[in-house]
Each structure stands twice: as structure tokens, then as C-alpha cells.
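Peer 1: need a 3D model of the sequence below.
(4 chains)
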2 protein chains.
Amino acid sequence: MYVTIPSDQKVNGSFVPLASAQPKPVETRLKSGSYLYFEGDDVEWLYQVTSGAMRLTRLLPDGRRQVIAFGYPGDIIGFPANGLHHTDCEALTDVRLQPFRRSVLETGEGDPALHSALLQAALREISAMQDHFMMLGRKSATEKLASFLCVLSERVGEDLGAYRQIHLPMSRSDIADFLGLTTETVSRTFTLLRKSKIIAIENIHTIIIQRPTALMGLSAGDDK
Amino acid sequence: MYVTIPSDQKVNGSFVPLASAQPKPVETRLKSGSYLYFEGDDVEWLYQVTSGAMRLTRLLPDGRRQVIAFGYPGDIIGFPANGLHHTDCEALTDVRLQPFRRSVLETGEGDPALHSALLQAALREISAMQDHFMMLGRKSATEKLASFLCVLSERVGEDLGAYRQIHLPMSRSDIADFLGLTTETVSRTFTLLRKSKIIAIENIHTIIIQRPTALMGLSAGDDK
DNA sequence: CGTCTTATTGACGGTGCTCAACGGGTGTGG
DNA sequence: CCACACCCGTTGAGCACCGTCAATAAGACG
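Peer 2: Purely as a prediction, here's the structure:
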């Protein structure tokens, strides 16, 4: 999952599992905190997240970190470049994954429909990353966090009467490294949104969106 | 072209044109300043840049702009998402392009080798964009510009005795919108690099790298 | 040669980072 | 079950970097 400008194209809550004509490899399960792969590992499998949430990160030699994406149900993770993984990938919660052989993406190997579905996922990934560029390069801290919450609300928000509730499995520093901010700024911006009654912070990992329209406005820069 | 951490994998100056088994569609030529496509257009063709340079941009409703990438010889541009272009694409110079039918990427249509080559290009694109995330989110103005010049030097630099020369077909504001800065900051940072004798500015569009190692150091954050 | 655009430089201010202290929640061991 | 410690998140103060606004200089183009 990247932070993108919320599109007209509504995702209807549930995701479409990729259908394979072949006998399915066994579903993979992963405990919270364990790693699926590391940067530099050979790619043997791609995965579609079935339940839970993953975190993809990249490191600079000096320790600076960028969270590349969060992997939510429906997302495909593990696209290879030159046959290698280029991020670390850790489970933020207990996770279930549907594995697909790398060869299905790269050679089509006996399953044209699945090959095509994986290719389309890669192309959507490119487009989503382009949106994310705009956010990293051109948005303020408030716009970034508002955008983040909007996208999460669409993807994995739960209705709660008039409001909408989001569970955040990741830490504040994960959010900071995803948005190109510091934990302090993320924390301050949460407080700002809370004090303007746009969100309520049920607990550290649970946010309630009280004024969705205002949040959408902030994500597009309406305060300017 | 994205700004990435210069990799070990050297590109040997020239690029590899994608081979097609089919009779080639006619090479496309484009005048400097003309647009190849716009955001929202249907994708019929992908293109490999043969000579010249392209600029891919995206706009926010309020006018803020992000340059997504520059297209240099060897680069594939025009990957579709849901069948549509998601950037505007303008020629920065007179340009020659080798077109490929979208269907070759999406269905493989009679040319498996070309299909595979385009797919690999898409996967490399994803990896390069991940590097660019790190740069947009986590690097200072000096690191950004130094990284930019390093990558350009590798890709399209020309040897000039002991030094190396880069031609910059794009404007300062293109560079700014690519790196997530303002034109003023780009200009000031150029001046900074010039005053520390790391680069010389032959003219607005021509940069000479006098101390490549120092520039590499700055791009990785050695000043900190 | 004149006009218009683009780049540079300067002054200033604000957003977000740094450094630091504090608080609260969670987990562990007694 | 409680005590304690540790980690994570929050808050504060100060500052640096970079953005904003403005003036000037340098090119580009007709």
C-alpha cells in the first residue's frame, strides 16, 4: 500500500484473490515480527497478502530508513529486480500469504491467467508509486498524515456508526519513515488533528475519523 | 531515469535496444517541446527512447508538480495502469523513439522475447523507483543534487580529459520538481557545489564534474 | 535590438528536525 | 499480583534548512 490521492475507483472493501489454474502451493503463515525476506535475497516466490499487514523497508548505509510500502490484504509483494529482493519485509501482525512462483510472473509457465494478473499488479504498483512520489516530494506534514489516514480508511477502515475507525498495526516511526518525517513530527501532527476534532485517538493503534470530509480536504491541501 | 544510489552494476555507456522478432513499427521522431502523451490518455504504445530526453510529470489540482522521471536512451516509458497513462510526457530535446504495442507487454502476442524484455524493464522500474523514494524522503538538498549529478554522469556523462561533462537538457525547475525542491534551492545548491570546486558550470545546460569522488561522497551524506 | 522568460542572489520567516525530558503502557520477574 | 524496567510515544525549546517573496542578472527568441 502506498499513499495515493484517493481515486474515484472505489475498492469495495474486499479484495480479489488471484485465481490459479494450477494446484495451489500451501498458504504461508507468518508470526508478527518475523521477516519474510531481506534485501539481497534471491526471489523464489511472490506473495499476495491474504490477511494481516507487512512492512517493506530499505536502509541507507548510515542507518536512515525508508518504509517503501505497507502490504495489506490483496497486495502483491516481492517483485524481483535482476532476480533479487530490494527491500526487507517484516510482518507487522500475524500474516497469511498466498505464494506464487516467480517463474509464473517471468515466463508465464503454464498459467497465462495468473501470469497476466501478476503483470497487471506490477503495472498498478508502478502507478501507485508515482502517486507516492508526489506525496514525498511535494506535500506538507499535515497533508502527508491526512493522506495516509484517508487511504488507510478506504483500504482497511471499519464503519463505526457515523464515524470510521482505523487500526494501525505499525509504529509511529514506521509511519514517519513511510512519509519522510520524524516520529516527533508524526506525533505532533496526530495531536494537531486530534485537537481540531478531525480525529480521535482511541489508543495508540486505533484512530477514529470524526470528520472524514475535513480530513480529505487536508490531504489535498485545502488549508493553504 | 530515476535518481538512485549508484550501483555496482556498471552500464557500459551504450544501451541495449530491445530486439523484436516482428517487423518493426516505424521509429517515431518528436520535436523538442512536443508532448508524446498526457495523463488519462489510452495507452496504445510503449516506447524505448533511442536518442534525446523525455520528461514525465504529474500535477496536483492546485498546480504543484512532480517530475516522475526523465527518459534517457535505453529507458522504456509509457507503462499503462488500467490501460491509461498516468503522467504527462514531453520531449526535452528532439527525440527518437522505438514504439512497441501495448499488447506485446500485456499478452505476449507472438513475441515472447520482447514480452519478457518489457516485463523485466517494468520490474527494474519498480526497483529504481524504490531507490528514488529514499532520496525524496530522506535526503538533504545537497545530497539530492549530488545524487542527481552522479547518476546523470554515469548514464550520459562524457569524458573530458581528467573531468567529466554532463549536458542538462531540462530546466532548473524540472530538476527542482524531480528532487522535491524549489528552483531557488536548486540554484543555490549548484552555486554551493561550484564554490567548493566540486563542479564547474560551463553554461546553464552544461556541468563539468571536477571532483567526482567528492560528489559521490556528498550524494551519500559524507558531510554529516 | 527589445522583450520575455529563466536563473541567480538576497533577506527573511516558517516548517519540520534535533536534542531533551517526561509519561504511559507493556512485559517480565519476583 | 505487584514492582520495576524498558520501550515507545508525547511534549517542549531551540535552531537549521529550505521555502517564500522580491530584485536583479542572464539568456532565449523573435
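Peer 1: the inter-axis angle of the longest helix along chain A versus helix B:112-138?
Peer 2: Longest helix of chain A, by residue count under DSSP state H: helix A:112-138. Per axes from the mean of the first three to the mean of the last three C-alpha atoms, to 10 degrees, the angle that helix A:112-138 makes with helix B:112-138 is 30 degrees.
Peer 1: what ranges do the helices span in chain A?
Peer 2: Under DSSP H, chain A gives helices at A:102-107, A:112-138, A:141-156, A:172-179, A:183-195, A:212-220.
Peer 1: where does the prediction get shaky in chain A?
Peer 2: A:5-16, A:19-25, A:223-224 (pLDDT under 70).
Peer 1: how does it divide up, domain by domain?
Peer 2: A:28-136, A:139-219 (automatic domain parsing).
Peer 1: so how many other residues sit close to A:Glu44?
Peer 2: Counted with other C-beta atoms under 10 Å in any protein chain shown, residues neighbouring A:Glu44 total 14. All C-beta spots, glycine's among them, are computed from the backbone N, C-alpha and C.
Peer 1: so it sits against A:Val104, correct?
Peer 2: No - A:Glu44 lies out of contact with A:Val104 (C-beta atoms under 8 Å); the separation is 11.4 Å.
Peer 1: quick check: neighbours shared by the two?
Peer 2: Shared contacts of A:Glu44 and A:Val104, defined by C-beta atoms under 8 Å, 6 or more residues apart in numbering or on different chains, are absent.
Peer 1: reformat the domains of chain A as a markdown table; add distance to chain B.
Peer 2: As requested, the domains of chain A are exported to a markdown table (distance: least, C-beta to the nearest C-beta, whole Å):
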| stretch | distance to chain B |
| --- | --- |
| domain A:28-136 | 3 |
| domain A:139-219 | 3 |
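Peer 1: let me know which of these is the nearest to B:Asp177.
Peer 2: Among the domains of chain A, domain A:28-136 comes nearest to B:Asp177, with 10.0 Å by C-beta to C-beta.
Peer 1: how about that closest one and DNA strand C, any contact?
Peer 2: No - using C-beta under 7 Å from any atom of the strand, domain A:28-136 stays clear of DNA strand C, coming no nearer than 8.9 Å.
Peer 1: ok so, going back, tell me which residues in the longest helix of chain A are buried?
Peer 2: A:114-123, A:125-138 (16 or more other C-beta atoms under 10 Å in any protein chain shown).
Peer 1: that one - contacts with which helices or strands?
Peer 2: Using 3 or more C-beta pairs under 8 Å, 6 or more residues apart in numbering or on different chains; DSSP states H and E as the contact definition, the elements that helix A:112-138 packs against are strand A:76-77, helix A:102-107, helix A:141-156, strand B:54-59, strand B:65-71, helix B:102-106, helix B:112-138.
Peer 1: how close does the residue sitting furthest away from the middle of chain A sit to A:Asp174?
Peer 2: Residue farthest from the centre of chain A, counting by C-alpha atoms, centre = their mean, is A:Gly110 at 30.1 Å. Here A:Gly110 is placed at a distance of 38 Å from A:Asp174 (C-beta to C-beta, to the nearest Å).
Peer 1: report whether stretch A:209-224 contacts DNA strand C.
Peer 2: No - remark: stretch A:209-224 sits outside contact range of DNA strand C, by C-beta under 7 Å from any atom of the strand, the gap being at least 9.4 Å.
Peer 1: from the chain's centroid, how far away is that stretch?
Peer 2: Stretch A:209-224 sits 21 Å away from the centroid of its parent chain (C-alpha atoms, centre = their mean, to the nearest Å).
Peer 1: and the contacts of that stretch?
Peer 2: In contact with stretch A:209-224 (C-beta under 8 Å, 6+ apart) are residues A:5-6, A:139-140, A:142-143, A:146-147, A:149-150, A:153, A:157, A:163-166, A:193, A:196-200, B:60-62, B:64.
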